[in-house]
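Asker: generate coordinates for the sequence data below:
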Amino acid sequence: MTAQTAAHRDMANAIRALAMDAVQQADSGHPGMPMGMADVATVLFSKFLKFDPTDPHWPDRDRFILSAGHGSLLLYSLLYLTGYADMTLDELKHFRQLGSRTAGHPEYGHASGIETTTGPLGQGLGNSVGFAFTERLLRQRFGSEIVDHFTYVITGDGCQMEGIGQEAITLAGHLGLGRLIVLYDDNGISIDGPTSLSTSEDHKKRFAAAGWHVQSVDGLDPDAVARAIRKARNVKDKPSLIACKTIIGYGAPTKAGTAATHGSPLGKDEVAGARAKLGWTAPPFEIPEPIFTAWRKVGAHGKSARRKWVKRHAEMSAEDRAEFDRRLKGDLPAAVNEAVVAFKAKIAAEKPSWATRKSSQEVLEVINPVLPDTVGGSADLTGSNNTKTATLKPATAQDPSGRYVYYGIREHAMAAAMNGMALHGGIIPYGGTFLVFTDYCRPSIRLAALMGIRVIYVMTHDSIGLGEDGPTHQPIEHLAALRAIPNLQVLRPADAIETAECWQLALESKRTPSVIALTRQNLPTVRTAADSNLCTRGAYLLAGEPAAPIRLIASGSEVQLALAARDLLAKDGLNAAVVSMPSWELFAHQSDSYRNEVMGGDGTVRVACEAAGGFGWERWLGPRGEFIGMKTFGASAKASDLFKHFGITAEAIAAAARRLAQ
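Answerer: Residues are numbered from 1 along each chain as shown. Okay, the predicted model is just below:
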């Protein structure tokens, strides 16, 4: 064994030892993957990965994504060994404990060097498409002197089996993302046992069929791994898969290569046996000084590259440097607000009757030219979602400068890729599909909310108002389900002016993803222009006075019905005020006094109307309230017939108010 080989072995075994020790101490975790992939990770970090722990947010660092997030100790160990200040040995000793940075699965924001939250399998692979896409787009704009990095991903068998994995694989291949390199932990084991129990496909052929460059290596042979990574880095027009044949739990004397090492501590005797087999004599959580020093030298490798980059950044033109820095910070130029204000004034004067999906497109037509950060897209519904504007050209393998992605029928990968775009920084992604298909996006939407990132979901055809496509496409429970996700902003505008305001809110929300729910059917303009954004408070009095004893509350397409019901009640001498409520979440954050002003006191009659299920509306109705909406699935018919059939009418709202007011 050469000195170099011995040094590599010791460095890899340091990862294995930390993984065994931390899982054993926590009595919980997944030691098998870190032990099996320790050699691959050591090669990647010591020979290829461009990073500097002293500046973990350096914009031109390589991105490392652990899609197989259950093996979190692989990442945590690497961060500790290479010198990330907030990943201490004490954090490893408190693995999976309340308040530690070392959660069971990597959590974005918990520690520097964690690029994304992973754990739900395949999500990191989906994110990586967005990371690699953004690197390429920004390189086109600012040049390779400023943007020139790779995206590396470690996946496991589970990531390949998940449906999102296939969506991400084919999208990346189609876009020709040549700086995306996936290291596949090909250990043949899942929780139930050998993967042969549940799958017999050839993943390598699947990747190749999707347009990837594919290699296979012995994942325990560091020289072979290095050669494969070096070759993959030279492939310019295709993403690369390196299938690394490994042994899960490598080093464990009786459990290596079995499912027993996947998600449970090895046990005291097995850990002792692994130490003996690996030749690791150091006590738990102790790394011998020569090995620790070798790892810290790896952590220092990137310092020179970062300093050179800082110099190049300083030499940019003042205009380009300011634009680059603004985009990485995520700030909006003043022109965005100016464009929105001018648009609202124009709409107030013209009073168009547009579907809010068209209103959204018209808003984007004025935003996209002044906000080069935006990258739009749709899951094969561009003409229905109205997400493409005149200034956006398609992103293709041949023309990577495009700002519009034709995602195809890949809702889940679209949402995951947008997460990766937002996490990389420098762009603001939005993507569209029908609201009912948030079911296909939901895992990624949830993770966006968990991470607190700015992603915008343009969800059209938001109710039975979509009409003849019928109940399979008519969302009923979806608004309630989305509103149940913490830190997700659900915005349902009533007309073109509110649509503009909701877009502005979504763009300004740096740490909150937003769903904008939009209609297929035309709606009247119900608002007059105002320079201030009334939607920022979630709900507001659209018509009537605070002293009115009746509140008619609605969102989106039902606001027009509430206004009509107010007119009907006025004929009976009943004084009602109409509340437009585009966002529950924003309204919930207002002061008690403002909420009482808008909704009235406890004795106020409140009738809410929404062409959706009523779950959750009781929060706003109070003791004298009633909900008008859907109680079943929808039906296939014209929208106008459906609203009458299901009793979602101005007359029904007025009748409920009369009953409650008696």
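
Asker: quickly find the element holding Ser401.
Answerer: For Ser401, there is no helix or strand it lies in under DSSP states H and E.

Asker: which pLDDT value does the model give it?
Answerer: According to the prediction, Ser401 has pLDDT 96.

Asker: other SSEs contacting the longest strand anywhere in the chain?
Answerer: For the chain, the longest strand by residue count, based on DSSP state E, is strand 605-613. In terms of contacts (3 or more CB pairs under 8 Å, 6 or more residues apart in numbering; DSSP states H and E), strand 605-613 is packed against helix 478-483, strand 550-554, helix 559-571, helix 618-621, strand 625-630, helix 650-661. Quick note: C-beta positions are derived from backbone N, CA and C, even for glycine.

Asker: tally of neighbours for the residue nearest to Arg442 when sequence neighbours are not counted?
Answerer: Among residues not flanking Arg442 along the chain, Ala481 sits closest, at 7.6 Å (CB to CB, 6 or more residues apart in numbering). Residues near Ala481, counting by other CB atoms under 10 Å, number 17.

Asker: thought Ser72 was touching Glu107?
Answerer: No: between Ser72 and Glu107 there is no contact under CB atoms under 8 Å: 9.0 Å.

Asker: more neighbours, those two?
Answerer: Comparing Ser72 with Glu107 by other CB under 10 Å, the one with more neighbours is Ser72, at 27 against 19.

Asker: wait, is the more buried one part of a helix?
Answerer: Yes: secondary structure of Ser72 (DSSP: H, G, I helix; E, B strand; the rest coil): part of a helix.

Asker: quick one: it and Met35, what's the gap?
Answerer: 13 Å (CB to CB, to the nearest Å).

Asker: what do you get for Leu507?
Answerer: 45 Å.

Asker: then Trp295?
Answerer: 17 Å.

Asker: between these two, which has more neighbouring residues?
Answerer: Neighbour count, other CB under 10 Å: between Trp295 and Met35, Met35 has more, with 33 against 22.

Asker: how about the contacts made by the more buried one?
Answerer: When contacts are counted by CB atoms under 8 Å, 6 or more residues apart in numbering, Met35 is found next to 15-16, 19-20, 248-252, 256, 261, 274.

Asker: make JSON lines out of those and add neighbour count.
Answerer: Below are the contacts of Met35 laid out as JSON lines (neighbours: other CB atoms under 10 Å):
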{"residue": "Ile15", "neighbour count": "27"}
{"residue": "Arg16", "neighbour count": "27"}
{"residue": "Ala19", "neighbour count": "30"}
{"residue": "Met20", "neighbour count": "29"}
{"residue": "Ile248", "neighbour count": "29"}
{"residue": "Gly249", "neighbour count": "31"}
{"residue": "Tyr250", "neighbour count": "25"}
{"residue": "Gly251", "neighbour count": "28"}
{"residue": "Ala252", "neighbour count": "26"}
{"residue": "Ala256", "neighbour count": "22"}
{"residue": "Thr261", "neighbour count": "30"}
{"residue": "Ala274", "neighbour count": "26"}
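
Asker: mind checking which of these land in helices?
Answerer: Counting by DSSP state H, the part of these found in helices is 15-16, 19-20, 274.

Asker: between those, which is nearest Asp641?
Answerer: Checking these against Asp641 by CB to CB gives Ala19 as the nearest, at 62.0 Å.

Asker: out of the helices and strands packed on strand 605-613, deepest packed?
Answerer: Of the helices and strands packed on strand 605-613, the one with the most neighbours on average (mean count of other CB atoms under 10 Å) is strand 550-554, at a mean of 28.

Asker: now the angle from the longest strand of the chain to strand 550-554?
Answerer: With axes from the mean of the first three to the mean of the last three CA atoms, to 10 degrees as the basis, strand 605-613 and strand 550-554 are set at 20 degrees to each other.

Asker: strand 605-613 pairs with which strands?
Answerer: Strand pairing for strand 605-613, using DSSP bridges, gives strand 550-554 (parallel), strand 625-630 (parallel).

Asker: using CSV, write out every CA atom in the longest one.
Answerer: Backbone C-alpha positions of strand 625-630 (Å, rounded to 0.1, in the frame of the first residue of the first chain) are rendered in CSV as follows:
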residue,chain,number,x,y,z
GLY,A,625,-71.2,32.7,10.6
GLU,A,626,-71.9,30.5,7.6
PHE,A,627,-69.9,29.2,4.7
ILE,A,628,-71.1,29.0,1.1
GLY,A,629,-69.0,26.7,-1.0
MET,A,630,-68.4,23.1,-2.1
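
Asker: any idea of the mean pLDDT for it?
Answerer: The model assigns strand 625-630 a mean pLDDT of 98.

Asker: show residues contacting that strand.
Answerer: Contacts for strand 625-630 (CB under 8 Å, 6+ apart): 464, 476, 605-614, 617-618, 621, 646-648, 652-653, 656, 659-660.

Asker: how would you label Gln97: helix, strand or coil?
Answerer: Relying on three-state DSSP, one would call Gln97 coil.

Asker: hmm, it is touching Ala26, no?
Answerer: Yes: applying CB under 8 Å, one finds Gln97 in contact with Ala26, separated by 7.0 Å.

Asker: who has more neighbours out of these two?
Answerer: Higher neighbour count among Gln97 and Ala26: Ala26, with 19 against 13, using other CB under 10 Å.

Asker: would you check that that one makes contact with Arg96?
Answerer: Yes: using CB under 8 Å, Ala26 and Arg96 qualify as a contacting pair, with a distance of 4.5 Å.

Asker: quick one, which of the helices and strands packed on strand 605-613 is nearest to Glu315?
Answerer: helix 478-483 (46.1 Å).

Asker: which strands or helices does that closest one pack on?
Answerer: Here helix 478-483 touches helix 438-451, strand 489-491, strand 605-613, going by 3+ CB pairs under 8 Å, 6+ apart.

Asker: could those be laid out in CSV, adding mean neighbour count, distance to Arg537 and mean pLDDT?
Answerer: Listed next are the helices and strands packed on helix 478-483 as CSV, based on neighbours: other CB atoms under 10 Å; distance: least, CB to CB, whole Å; pLDDT from 0 to 100:
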stretch, mean neighbour count, distance to Arg537, mean pLDDT
helix 438-451, 21, 21, 98
strand 489-491, 26, 13, 98
strand 605-613, 26, 17, 98
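
Asker: three-state assignment of Tyr457?
Answerer: From three-state DSSP, the assignment for Tyr457 is strand.

Asker: hmm, I was thinking of Pro429
Answerer: strand.

Asker: and Tyr84, by the same measure?
Answerer: Three-state call for Tyr84 (three-state DSSP): coil.
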